[in-house]
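J.: could you look at this predicted model? Sequence included:
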Amino acid sequence: MIKPDLLMMGSYPDGDMEALSSAYRLLKHWELGPEGLGVASRPLIRALATRGDLGVDTQTLESLPNLEIIACYGVGVDAIDLETARRRGIRVTNTPDVLNGDVADLAIGLALATMRRIPAGDAHVRSGDWERGNPALAPRLHGKKVGIAGLGRIGSTLARRFSGFDVEIGYFGRSPRKDTPHRYFDDLTALAAWADLLVLTLPGGNATHKLVGAQVLQALGPEGYLVNVSRGSTVDEAALLQALEARAIAGAGLDVFWNEPRIDPRFARLDNVVLQPHLGSATIETRRAMGQLVRDNLTAHFAGLPLLTPVI
Ligand code: NAP
């Protein structure tokens, strides 16, 4: 049987590349480049696989006249031109739910690491400074007020994790949820003013672009902490850097940034941040499950079966 072509925008872990190559002829966009796909081969491409961080641009979509499906390895589809996909009837799938636990775990880790200054404590021990004294005291996490912006799949998992820390939870979204006892805020600035720790689990995209700006950070205040495991685009990074440098907020734990991986070098000069290279879902188990879900969606599509996790 002839293997269908699969255009891949970026590489997947080795096991996933092997599994995909047994069912598809892989066309690697990152090796071929934008001009590498011959005019004759473009109409043969019915399926495209990408990652949340890469998405797929309008120009590439427009060059594929018979594209039927975009399978995204990741839940965030903000880097995919959904408008063009919708207009052309191209199906889009993502990998929701399988990564909730890991992103929530990392958010907890970042909250603890930032507030309790775990990296600074580690450096204190390694450097030998401990002999000269103890580091400054840090604020506790338990008993605090935690604001979650975006109480969706990841945000709800995070709220469950936080219940073990005896914190009070409030949340912000476009509408209140009926299935949660937590306090709803219809205004993000009001949530930030209430919270000691604000965690972002929102999707990226136009609707949430720079939702956290100077006003929200000012409301969070000099004793407030920010954790962002959503997308860099949800935060006005210039305002965040300014707030961190001026100690207008106490600190931030950040997994996501503008312009990844070439982030603003000012972050590395701050001692009140803990930085991660977008590792929210980066565990062995979850990445395996994400790869499987991508393949299952592609298999379903080519078999004419309902997609498992359609976005559109
Ligand atoms: P989800 O289930 O769709 O939850 C998103 C939440 O955000 C919902 O509660 C939604 O509530 C709220 N929301 C959506 N648009 C909003 C808007 N314009 N204003 C205010 N609230 C809004 O998504 P999820 O699966 O939890 O994933 C959330 C995001 O996490 C992803 O889109 C991705 O960007 C990010 N993520 C990051 C990593 C990482 O590695 N750091 C990994 C996976 C995912 P309402 O509908 O009530 O407004």
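T.: Perfect, thanks for sending it.
J.: show me what counts as buried in stretch 210-219.
T.: Lys210, Leu211, Val212, Gly213, Val216, Leu217, Gln218, Ala219 (16 or more other Cβ atoms under 10 Å). Just so you know, the C-beta spots here come from the backbone N, C-alpha and C atoms, and that holds for glycine as well.
J.: can you tell me what sits against it?
T.: Residues from elsewhere that reach stretch 210-219 (Cβ atoms under 8 Å, 6 or more residues apart in numbering): 149, 188-190, 192-193, 198, 200, 202, 226, 228, 233-236, 239-240, 242-243, 248-249.
J.: over to stretch 1-9?
T.: Contacts for stretch 1-9 (Cβ under 8 Å, 6+ apart): 20, 23-30, 37, 41, 44-51, 54-56, 60, 64, 298, 302.
J.: state the number of residues packed around whichever residue of the stretch 151-300 of the chain sits closest to the ligand.
T.: Residue nearest to the ligand within the stretch 151-300 of the chain (Cβ to the nearest ligand atom): Gly152, separated by 1.7 Å. Around Gly152 there are 18 other residues, counting by other Cβ atoms under 10 Å.
J.: ok, Ala40 next?
T.: Neighbours of Ala40 (other Cβ under 10 Å): 7.
J.: could you measure from it over to Leu110?
T.: According to Cβ to Cβ, to the nearest Å, Ala40 and Leu110 sit 49 Å apart.
J.: one step back: can you flag the buried ones in the contacts of stretch 210-219?
T.: 149, 188-189, 192-193, 198, 200, 202, 226, 228, 233-236, 239-240, 243, 248-249.
J.: can you tell me which of those residues are up against the ligand?
T.: When contact is defined as Cβ under 6 Å from any ligand atom, the buried ones among the contacts of stretch 210-219 meet the ligand at Leu202.
J.: which of the buried ones among the contacts of stretch 210-219 fall within strands?
T.: Ala149, Leu198, Leu200, Leu226, Asn228 (DSSP state E).
J.: can you redo the residues you listed as TSV, where the extra columns are pLDDT?
T.: Listed next are those as TSV, based on pLDDT from 0 to 100:
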residue	pLDDT
Ala149	99
Leu198	99
Leu200	99
Leu226	99
Asn228	99
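J.: now those residues in JSON lines, with distance to Asp271?
T.: As requested, those are exported to JSON lines (distance: Cβ to Cβ, whole Å):
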{"residue": "Ala149", "distance to Asp271": "25"}
{"residue": "Leu198", "distance to Asp271": "20"}
{"residue": "Leu200", "distance to Asp271": "22"}
{"residue": "Leu226", "distance to Asp271": "16"}
{"residue": "Asn228", "distance to Asp271": "18"}
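J.: just to revisit the earlier point, so what's the closest residue to the residue of the stretch 151-300 of the chain closest to the ligand other than its chain neighbours up against?
T.: Setting aside the residues directly before and after it, Gly152 is nearest to Thr201 in space (Cβ to Cβ, 6 or more residues apart in numbering), at 6.7 Å. Listed by Cβ under 8 Å, 6+ apart, the contact partners of Thr201 are Val103, Ala107, Ile148, Ala149, Gly150, Leu151, Gly152, Ile154, Gly155, Leu158, Val229, Ser230.
J.: residues in contact with the fifth one?
T.: By Cβ under 8 Å, 6+ apart, the contact set of Gly150 is Tyr171, Phe172, Gly173, Leu200, Thr201, Leu202, Pro203, Ser230.
J.: around the ligand, pick out the residues from the stretch 101-250 of the chain.
T.: Checking the stretch 101-250 of the chain against the ligand by Cβ under 6 Å from any ligand atom, the hits are 103, 150-155, 173-175, 201-204, 207-208, 229-231.
J.: go with 5 Å
T.: Selection of the stretch 101-250 of the chain residues close to the ligand by Cβ under 5 Å from any ligand atom yields 103, 150-154, 173-175, 202-204, 207-208, 229-231.
J.: in PyMOL, select just the buried ones from those.
T.: In PyMOL syntax, the buried subset of these is picked out as below (16+ other Cβ under 10 Å):
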select buried, resi 103+150+151+152+153+154+173+202+203+204+208+229+230+231
